[in-house]
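Student: Next comes the sequence, and after it the predicted model I'd like to discuss.
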Amino acid sequence: MTIDWIQPAKRLSALPPYVFARLDELKARAREQGLDLIDLGMGNPDGPTPEPVVEAATNAIRDAANHGYPPFEGTASFRQAITSWYHRRYGVDLDPEGEALPLLGSKEGLTHLAMAYINPGDTVLAPTPAYPAHFRGPAIAGGQIYHLVLKPENDWLIDLSAIPDTVAERAKALYFNYPNNPTAATAPREFFEDIVAFARKHEILLVHDLCYAELAFDNYHPTSLLEIPGAKDIGVEFHTLSKTYNMAGWRVGFVVGNRHIVQGLRTLKTNLDYGIFAALQTAAETALQLPDVYLHEVQARYRIRRDFMVNGLAALGWEIPKTKATMYLWVPCPPGVSSTDFALSVLQQTGIVVTPGNAFGPGGEGYVRISLIANCDRLGEALDRLRRGEICYEPETAEV
Ligand SMILES: *Cc1c(COP(=O)(O)O)cnc(C)c1O
């Protein structure tokens, strides 16, 4: 019996299939055919969670005090650890009672924030390419996305001057993210000052995703939105433990910033979930308190991989700038080849999984993203296969 009379809600039909889910199917099929896949597709760090964090979690799991529902707003000690970390990193003072909220990963919070603040028909400014939650979240809420197209000639920075005044006037929120996934671009502090001024002028809720706060190299230090005077009046910033601490599976993130906005998200969430298992909040506290030497190790790991891969790809004809942050390389497709076709042909000819740029919205067309989530041995194997598969970059030669 068909059940075509049970139709999903309209908000579901606004969502095309999540590209990473589709990539998973293709990977499964390639594995069935016996291909030894080198998966550089997802932003899923490859190492184990630091031992002190695992140990803290193990001990906390044995404590029955952690076995009940956690407090809705997160444990007091995790919130305190978040605000202390903020003070240490950025010199920004936050109130653990109202300006910090633990999340079940930042993806959850980014999407639910849209549910809490966006009405159907509201205009939301979101870059393209972007991390999908930045435009899918507002789309689920019924928002109208106004795409801010990021371009290489602007170093992948949002061009605020290209936003028409009429659009800025009606915009309710703006999502953005530097260091950037997928382009690996970084934004200077002046850009943050400009975007805060823009959001204040047009009364726009500013949502910054600082997922790659710590994955930066060559003495580059990412800026926090909340370092900018006046930002806390109109903005919030999302963080995750997934990337820096190899904790993607644990589902721990947090949001900080304007207390009314944080409170709105909290009100929604008290009706949806009970927050993070208290034992994992204890573990997350431990992660935020790890000595800096741990961070230096992580940074060195990704920097070495970046150098290895950028140099190796250069030998194959791909000139990719050395990225100052994130765990990604943003690689142009050969001229005239779409990102999906290119990612598919790379997968079929070499068993290497890369993410087609259009997974990040139409602005990602013409590029693929390579995640540096394998060690240099494996990356070397990937370069060998690209060479043998003759997947080299041949820039268009001018017609004579
Ligand atoms: C990986 C990633 C996230 C997801 O973080 P979780 O806390 O694991 O949900 C959020 N934003 C960006 C930009 C990311 O790259």
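Tutor: Looks like it arrived, so ask away.
Student: In three-state terms, label Asp384 for me.
Tutor: For Asp384, the secondary structure call by DSSP: H, G, I helix; E, B strand; the rest coil comes out as helix.
Student: now check the helix ranked longest in the chain, is it near the ligand?
Tutor: Using DSSP state H, we find that the single longest helix of the chain is helix 292-315. No. Legend: contact between helix 292-315 and the ligand by CB under 6 Å from any ligand atom is lacking; minimum distance shown is 13.5 Å. Every residue, glycine included, has its C-beta placed from N, CA and C.
Student: Would you mind pulling up the elements that that helix packs against?
Tutor: Using 3 or more CB pairs under 8 Å, 6 or more residues apart in numbering; DSSP states H and E as the contact test, the elements touching helix 292-315 are strand 328-332, helix 376-388.
Student: Show me what the first one is packed against.
Tutor: In this structure, strand 328-332 makes packing contacts with helix 292-315, strand 367-371, judged by 3+ CB pairs under 8 Å, 6+ apart.
Student: relative orientation of it and strand 367-371 in degrees?
Tutor: For strand 328-332 against strand 367-371, the angle by axes from the mean of the first three to the mean of the last three CA atoms, to 10 degrees is 160 degrees.
Student: Measure how far strand 328-332 is from the centre of its chain, please.
Tutor: 15 Å (CA atoms, centre = their mean, to the nearest Å).
Student: Same question for the longest one.
Tutor: Centroid displacement of helix 376-388 relative to its chain, using CA atoms, centre = their mean, is 26 Å.
Student: How about it, which residues are buried there?
Tutor: Using 16 or more other CB atoms under 10 Å as the test for burial, helix 376-388 gives Cys376, Arg378, Leu379, Glu381, Ala382, Leu383, Arg385, Leu386.
Student: possible to save those as JSON lines with pLDDT?
Tutor: Formatted as JSON lines, the buried residues of helix 376-388 follow (pLDDT from 0 to 100):
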{"residue": "Cys376", "pLDDT": "96"}
{"residue": "Arg378", "pLDDT": "96"}
{"residue": "Leu379", "pLDDT": "97"}
{"residue": "Glu381", "pLDDT": "97"}
{"residue": "Ala382", "pLDDT": "97"}
{"residue": "Leu383", "pLDDT": "96"}
{"residue": "Arg385", "pLDDT": "94"}
{"residue": "Leu386", "pLDDT": "94"}
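Student: so where do the strands sit in the protein?
Tutor: With DSSP state E as the criterion, the chain has strands at 38-39, 100-103, 123-128, 144-149, 171-176, 205-209, 235-240, 253-257, 328-332, 352-353, 355-356, 367-371.
Student: Save those strands as CSV, and put in distance to the ligand, mean neighbour count and mean pLDDT too.
Tutor: As requested, the strands of the chain are exported to CSV (distance: least, CB to the nearest ligand atom, whole Å; neighbours: other CB atoms under 10 Å; pLDDT from 0 to 100):
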stretch, distance to the ligand, mean neighbour count, mean pLDDT
strand 38-39, 15, 18, 94
strand 100-103, 7, 25, 98
strand 123-128, 11, 24, 98
strand 144-149, 15, 16, 97
strand 171-176, 10, 24, 98
strand 205-209, 5, 26, 98
strand 235-240, 3, 26, 98
strand 253-257, 4, 27, 98
strand 328-332, 9, 22, 96
strand 352-353, 16, 24, 94
strand 355-356, 11, 24, 95
strand 367-371, 10, 25, 97
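Student: can you list those strands in JSON lines and add distance to Tyr274?
Tutor: Below are the strands of the chain laid out as JSON lines (distance: least, CB to CB, whole Å):
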{"stretch": "strand 38-39", "distance to Tyr274": "33"}
{"stretch": "strand 100-103", "distance to Tyr274": "11"}
{"stretch": "strand 123-128", "distance to Tyr274": "28"}
{"stretch": "strand 144-149", "distance to Tyr274": "31"}
{"stretch": "strand 171-176", "distance to Tyr274": "26"}
{"stretch": "strand 205-209", "distance to Tyr274": "24"}
{"stretch": "strand 235-240", "distance to Tyr274": "19"}
{"stretch": "strand 253-257", "distance to Tyr274": "16"}
{"stretch": "strand 328-332", "distance to Tyr274": "33"}
{"stretch": "strand 352-353", "distance to Tyr274": "35"}
{"stretch": "strand 355-356", "distance to Tyr274": "33"}
{"stretch": "strand 367-371", "distance to Tyr274": "32"}
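Student: Gly109 is nearest to which of the ones you listed?
Tutor: Gly109 sits nearest to strand 100-103 of all the strands of the chain, at 3.8 Å, using CB to CB.
Student: Show me what stretch 61-80 is in contact with.
Tutor: Stretch 61-80 is contacted from outside by 60, 96-97, 100-102, 254, 266, 269-270, 274-279, 281-282, 284-285, using CB atoms under 8 Å, 6 or more residues apart in numbering.
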